[in-house]
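A.B. asks: got a predicted structure plus its sequence, pasted below:
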Amino acid sequence: MKRTLVYIIVFFVANASLFSQSQFNQFLKPSDTLDISRRNTVVISEATLATSTLIGLNQLWYADYPRSNFKTLNDSGEWLQMDKMGHVFSSYQLGRLGTNTLNWAGVSEKNQLLYGSTLGFGFLTAVEVMDGFSEEWGFSWTDMAANATGTGLHIGQELLWEEQRIVLKYSFHRTQYAKQRPNKLGSGLAEEFLKDYNGQTYWLSVNINSFLKTESIPNWLNLAFGYGAEGMLSGDAYDPQFLNQNRTRQYYLSLDIDLTRIQTNSHFLKTLFDVFNVIKVPFPTLEISSNAHVKGYYIYF
């Protein structure tokens, strides 16, 4: 089981804590020019957090499994690619975090892209290498491709539009499958949020007004396209222990709110909106599954 969502949550919680230490609006305002003190704070904080997270993973996770010579594996068919979506999401959001914190420090746009947007790709590559030396897992080239996709989505939009018109988001609802296999899919809400792929949905949230350029649509209103899957008790569709899995892909259409586009003069609120913009806002939703089943939700999480 990959830990991609753990990494992104750790980074964003730490980022929120950094900002919440000061209640002064001026402190939260991005610098117009390079602020050496802020830049050093960002670099040292992120390097320390990344290093401590890797050390913690090594001691608390990998230490429970035998080491091996470096090896690769092909896990491209597992979990109906929901784990790969987690990699895309994590790489994108960590890149967005890296860019935003460097922007707060007044770092140039070029260096924001070079050293901020690639934060997720660099960190997740280090984790992938650790997987490669573990007997339990292995270095996955498809994971790396997913990491590159998330990073590329962020950098590509900055180069093309100088803004994020398409945002990757996440939502979750509890399912019956975790109760059937809690050791793999999680026991309790906190674990299921991270482990149960059946309840996870990944969204491409597209800002409508960025493309249509009309005053009749609020600037914060988005159209969201989601992907999810259910019926999975194992990553392998042919696992002999779970031969009756009814594995189904799900595609969603919904509305969303880009919290970062809500107008406010408060830099505290801007920071808060930026942190929580990783979560898809619940809205009425249409689902079309791979078995041609169509279902509507008044509110979908």
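C.D. replies: Nice, thanks for sending it over. Numbering: from 1, shown residues only.
A.B. asks: and the pLDDT at Tyr251?
C.D. replies: At Tyr251, the model reports a pLDDT of 98.
A.B. asks: would you list every one of the strands in the stretch 1-150 of the chain?
C.D. replies: 72-73, 139-140 (DSSP state E, counting those that start in this stretch).
A.B. asks: which one of these is the most hemmed in?
C.D. replies: strand 139-140 (a mean of 20; mean count of other CB atoms under 10 Å). Glycine gets a C-beta too; all of them are placed from N, C-alpha and C.
A.B. asks: ok, and what's touching that strand?
C.D. replies: Residues outside strand 139-140 that contact it (CB atoms under 8 Å, 6 or more residues apart in numbering) are Phe70, Lys71, Thr72, Leu73, Asn74, Asp75, Glu128, Val129, Asp131, Gly132.
A.B. asks: if we go to 6 Å?
C.D. replies: Residues from elsewhere that reach strand 139-140 (CB atoms under 6 Å, 6 or more residues apart in numbering): Thr72, Leu73, Asp75, Glu128, Asp131, Gly132.
A.B. asks: among those, which two are most distant?
C.D. replies: Among those, the pair separated by the greatest distance (CB to CB) is Asp75 and Gly132, at 12.5 Å.
A.B. asks: now the helices: where do they sit in the protein?
C.D. replies: With DSSP state H as the criterion, the chain has helices at 4-20, 25-28, 36-60, 82-104, 109-111, 119-132, 141-161, 177-180, 182-185, 189-195, 208-212, 267-276.
A.B. asks: so for the longest one, what gets flagged as buried?
C.D. replies: Right, the one you point to is helix 36-60. Neighbour-count burial for helix 36-60, with 16 or more other CB atoms under 10 Å as criterion, is recorded at Arg38, Arg39, Val42, Glu46, Leu49, Ala50, Thr53, Leu54, Leu57.
A.B. asks: what count of nearby residues applies to the closest residue to Gly106 other than its chain neighbours?
C.D. replies: Nearest residue to Gly106, sequence neighbours excluded (CB to CB, 6 or more residues apart in numbering): Ser31, at 3.3 Å. Residues lying near Ser31 (other CB atoms under 10 Å) number 15.
A.B. asks: check Phe70 too.
C.D. replies: 11.
A.B. asks: most tightly packed of the helices of the chain?
C.D. replies: Stretch with highest mean neighbour count among the helices of the chain: helix 82-104 (a mean of 25; mean count of other CB under 10 Å).
A.B. asks: just want the angle from that helix to helix 36-60.
C.D. replies: Angle, helix 82-104 to helix 36-60, by axes from the mean of the first three to the mean of the last three CA atoms, to 10 degrees: 150 degrees.
A.B. asks: got the angle between helix 82-104 and helix 141-161?
C.D. replies: Angle, helix 82-104 to helix 141-161, by the same axes, to 10 degrees: 40 degrees.
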